[in-house]
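With the sequence up front, the predicted model follows.
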Amino acid sequence: MYTAATLLYPHALATSVTLPMEILQAASQTALARSRTGPQVKMLLAAAQTGPLTLSSGLTLVPDISFNALPALDLLLLPAIWRNPVPTIRAMASALDILRRYAAAGTRICSVGTGSCLLAEAGLLEAQAATTHWNYFEQFAHRYPNVKLKTRHLITQSGNIYCVGSVNSIADLMVHITEEWFGVGVARAVENQFSPEIRRSFRAAAYQTEADSSHHDESVIEAQQWLREHLGEPLTMGDLAAQVDLSPRTLNRRFRQATGMSPQAYLQGLRINHARELLKHSNLAVAEIAWQLGLQDASYLSQLFRRHCGMSPLRYREAVRGKLFDPQPTPAALE
């Protein structure tokens, strides 16, 4: 049994409360239908007091439990705050210790939009990657200068702390958690039930502090992260080496030792993955996608795409928009 709780406050955005609950409940019901012995999810609504709470939208919810009575949790959700987050930050000051306690216990904590302000107020984002609603980037950066605000990422992960920039992105994160808890089959069923045509994978959307940590070369990890953050720029080995204070030759050697591939091959993989996402979820022309990936030549992108995926970009777009699964690279493309 997994236990998840959502903290309620008067200016919480209703959809950021209900959507994660619906996705997790759908996953729980799907898993139960497939196996009577599968895991289940218990969802709790928590507030400062247990009486009915009316949100800014007019929706009235009845909390199950008070903040101070919450049990051990596997997941703690902080909804987005409607409009100006400062009044809610002040009202929730007494609850910040609760966030610190669950963070210290290793509970996965996920904030939506400006709900990340509560994590920052609790000191849980100091020197950590985070994101928030795009409309509050400037205010957030000013109020929390020690937080590594990632304006180009809709999801960030730093250890057990996750931030998502929008309600749409919380769906991506919930599908990711569903896959961890219930397996790929249940996650795909839930994903297709809610919105198969627009979902992005967690890995495609997220900035992960611990990404690429299958090795322990800090300079290579830094290089990998820098490549992800500058994907749309024309890059050279000299640019990359300068960022990590290594010579191009030393970086190339250490990168191969750590990852089994060259920096150029790693960058190509990143670009192809991003091209797949853009082909699937946008109407951009191949030339426009090439430009977004830092490539000047659409024909070169098409050549790379065929090599990696075994089909042209346009053929891939037709295929993924007509099916509920990604076509995988053909055996020939893997040779």
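Okay, I see it.

Give me the pLDDT for residue 335.
On pLDDT, residue 335 comes in at 35.

Who are the contact partners of residue 107?
By CB atoms under 8 Å, 6 or more residues apart in numbering, the residues touching residue 107 are 72-76, 160. Heads up, the C-betas are built off the backbone N, CA and C, glycines and all.

in the helix or strand hosting residue 139, what counts as buried?
Applying DSSP states H and E as the criterion places residue 139 in helix 137-143. Residues of helix 137-143 classed as buried: 139-140 (neighbour count, 16 or more other CB atoms under 10 Å).

Walk me through the domains of this structure.
Domain assignment for the chain by automatic domain parsing gives 2-206, 217-334.

Would you mind finding the most buried of these?
The highest mean neighbour count among those, using mean count of other CB atoms under 10 Å, belongs to domain 2-206: a mean of 18.

mind listing what residue 150 touches?
Residue 150 touches 129-131, 156, 207, counting by CB under 8 Å, 6+ apart.

Now do it against residue 18, distance only.
Using CB to CB, to the nearest Å, residue 150 is found at 26 Å from residue 18.

again, but for residue 294
Counting by CB to CB - residue 294 and residue 18 are separated by 39 Å.

same deal with residue 69?
Remark: distance between residue 69 and residue 18 (CB to CB) = 22 Å.

centre of the chain versus stretch 240-251, how much separation?
29 Å (CA atoms, centre = their mean, to the nearest Å).

nope, stretch 265-275 is what I was after
Offset of stretch 265-275 from its chain centre (CA atoms, centre = their mean): 18 Å.

and that stretch, what's its mean pLDDT?
Stretch 265-275 comes out with an average pLDDT of 90.

Same check on stretch 287-301?
Mean per-residue pLDDT for stretch 287-301: 88.

Please apply the same query to stretch 222-236.
The average pLDDT within stretch 222-236 is 86.

first to last residue in it, what's the distance?
16 Å (CA to CA, to the nearest Å).

Stretch 58-70 now?
Terminal-residue distance, stretch 58-70 (CA to CA): 26 Å.

Give me the contacts around it.
Stretch 58-70 has contacts (CB under 8 Å, 6+ apart) with 5, 7-8, 14, 17, 44-55, 95, 98.

In strands, which of those fall?
If you go by DSSP state E, the contacts of stretch 58-70 have 5, 7, 44-47, 53-54 in strands.

before we move on, back to that, reformat the contacts of residue 150 into JSON lines and put pLDDT and distance to residue 275 next to each item.
JSON lines is the format used below for these (pLDDT from 0 to 100; distance: CB to CB, whole Å):
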{"residue": "129", "pLDDT": "91", "distance to residue 275": "24"}
{"residue": "130", "pLDDT": "93", "distance to residue 275": "27"}
{"residue": "131", "pLDDT": "93", "distance to residue 275": "23"}
{"residue": "156", "pLDDT": "90", "distance to residue 275": "23"}
{"residue": "207", "pLDDT": "59", "distance to residue 275": "19"}
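
Show me the two of those residues that sit farthest apart.
Greatest spatial distance among those (CB to CB): 130 and 207, at 9.1 Å.

ok so, going back, just after the helix holding residue 139, pick out the following helix or strand.
Later in the chain than helix 137-143, the nearest helix or strand by DSSP H and E is strand 148-149.

counting contacts, what elements does that next one pack onto?
If you count contacts as 3 or more CB pairs under 8 Å, 6 or more residues apart in numbering; DSSP states H and E, strand 148-149 packs onto strand 129-130, helix 137-143.

looking at the domains of the chain, which has the lowest confidence?
The minimum mean pLDDT among those belongs to domain 217-334 (a mean of 83).

Pretty sure residue 42 sits in a strand.
Yes - counting by DSSP: H, G, I helix; E, B strand; the rest coil, residue 42 is part of a strand.

ok, the closest residue to it other than its chain neighbours - contacts?
Closest residue to residue 42 apart from its sequence neighbours, by CB to CB, 6 or more residues apart in numbering: residue 3 at 4.9 Å. Taking CB under 8 Å, 6+ apart as the criterion, residue 3 is in contact with 41-42, 44, 71-75.

Check residue 53 too.
8, 10, 47, 60-63.

swap in residue 242?
Applying CB under 8 Å, 6+ apart, no residues qualify as near residue 242.

Give me the phi and psi for residue 146.
phi -90, psi 0 (degrees, to the nearest 10).

Next, find the distance separating it from residue 154.
For residue 146, the distance to residue 154 equals 22 Å [CB to CB].

likewise residue 135?
According to CB to CB, residue 135 and residue 154 sit 14 Å apart.

Please apply the same query to residue 16.
Applying CB to CB to residue 16 and residue 154 gives a distance of 14 Å.
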